[in-house]
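> predicted model and sequence below, questions to follow.
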Amino acid sequence: MSIVEAPWPADESTVAPRHNWTREELRALFGLPLSELMFRAQSIHRRNFDPAEVQISTLFSIKTGGCPEDCAYCPQSAKYDTGTRAEKLMPIDAVLTEARAAREAGASRFCMGAAWRSPRARELAQACAMIEGVKALGLETCATLGMLTAQQARELKTAGLDYYNHNLDSSPEFYREIITTRTFQDRLDTLAHVRAAGIHVCCGGIVGMGETREDRVGMIETLANLPEHPESVPINMLVRVPGTPLADIPPLDPLEFVRTIAVARIAMPRSVVRLSAGREDMSDEMQALCFLAGANSIFYGPKLLTTSNPARDSDQALMDRLGLTPMKTEQIR
Ligand code: SF4
């Protein structure tokens, strides 16, 4: 497909969600001159969102380390010697103290992450109590607790869970290079249970893991062709943590990351695209390009589970310089 045949113009057929994206179309978008790709992404972005607003979430680890899975990028896997200590599930009071602090700092959503393959019954009950407490503080709630059954998803919904995060990580082909302890289909099954329970879906992936552009195309193809687009699509840049198998992977060209954001924005026009892990290694200028490409959410706060994130002050300064303001409530379709 040539450049001129890449999906366009920005009429209703390109701003409305589609679920029949082909790899050829997505490849063509990736291959556009950057100025053209940015123009298309920004045009579509402002048809669906206020381009000056950014949704702010805080991600907090309620249970750190000791995970039995082998995700090659993750410092919390028990299989890698990364210096991350296995800890117990945090007490609910400590979690609620963190949630209050996040609210005071401007977060509208509080995400709770636990390093589990999947929650056991007692663990799920404790997570549900946390969700009820965070919800009572007036925050949107999000959790990432590993694989879920249909029943577990319903229990989380009953507790007041607004969003569940479960990333596809990469293309179906490259996924096997990154994780062997559960399959791509396992991930799709959990996403289906979450959707069926009526919980909003937060699902994206990681780039810079040594995958090809075709894998990035395949990841976005899978996300955009889910029966419903995820309401939140986190796009992470790999944080190369010493001790993990990906510690020495060569860094991805930053402009390829920007292209990935732009193609995700075009393919999922009404989803909130989150600029997630890896921001600490990005210049202010690169983050500005990501916002121009259609990213409209960030994680705010000094830590993302176990890896560091820009300090709140520097994020506030960046938002001020760019004229961005926090989105009060996410514009969910
Ligand atoms: S990404 Fe999640 S499931 Fe994978 S090793 Fe880390 S904590 Fe475990």
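The structure has been received and is ready for your questions. Numbers count the residues shown, from 1 in each chain.
> show me where pLDDT drops low in the stretch 51-200 of the chain?
The model of the stretch 51-200 of the chain has no residue with pLDDT under 70.
> so which residues on it come close to the ligand?
By the rule Cβ under 6 Å from any ligand atom, the part of the stretch 51-200 of the chain lying against the ligand is 67, 69, 71, 74, 76, 77, 115, 146. For every residue, glycine as well, the C-beta is placed using N, CA and C.
> buried subset of those residues?
Buried members of these, counted by 16 or more other Cβ atoms under 10 Å: 67, 69, 71, 74, 76, 77, 115, 146.
> before we move on, back to that, turn the residues of the stretch 51-200 of the chain next to the ligand into TSV, columns for secondary structure.
What follows is those, written out as TSV (DSSP: H, G, I helix; E, B strand; the rest coil):
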residue	secondary structure
67	strand
69	coil
71	coil
74	coil
76	coil
77	strand
115	coil
146	coil
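> please enumerate the helices of the stretch 101-250 of the chain.
121-136, 150-159, 172-178, 184-196, 213-224 (DSSP state H, counting those that start in this stretch).
> tell me, what residue is most central in this structure?
Centroid check for the chain by Cα atoms, centre = their mean gives residue 234 as the closest residue, at 2.0 Å.
> mean neighbour count for the helices of the stretch 101-250 of the chain - can I get that in a markdown table?
Listed next are the helices of the stretch 101-250 of the chain as a markdown table, based on neighbours: other Cβ atoms under 10 Å:
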| stretch | mean neighbour count |
| --- | --- |
| helix 121-136 | 18 |
| helix 150-159 | 18 |
| helix 172-178 | 17 |
| helix 184-196 | 18 |
| helix 213-224 | 22 |
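> once you drop chain neighbours, what's closest to residue 171?
residue 218 (2.9 Å; Cβ to Cβ, 6 or more residues apart in numbering).
> in TSV, list the helices of the stretch 101-250 of the chain along with distance to residue 244.
TSV is the format used below for the helices of the stretch 101-250 of the chain (distance: least, Cβ to Cβ, whole Å):
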stretch	distance to residue 244
helix 121-136	25
helix 150-159	28
helix 172-178	11
helix 184-196	20
helix 213-224	19
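> so which of those is nearest residue 25?
Between residue 25 and those, the shortest gap by Cβ to Cβ is with helix 213-224, which sits at 8.9 Å.
> relative to helix 184-196, how tilted is that closest one?
30 degrees (axes from the mean of the first three to the mean of the last three Cα atoms, to 10 degrees).
> who touches helix 213-224?
Contacts to helix 213-224, defined as Cβ atoms under 8 Å, 6 or more residues apart in numbering, come from residues 18-19, 21-23, 26-27, 30, 168-174, 203-205, 207, 229-230, 233, 256, 260, 263-264, 267-268.
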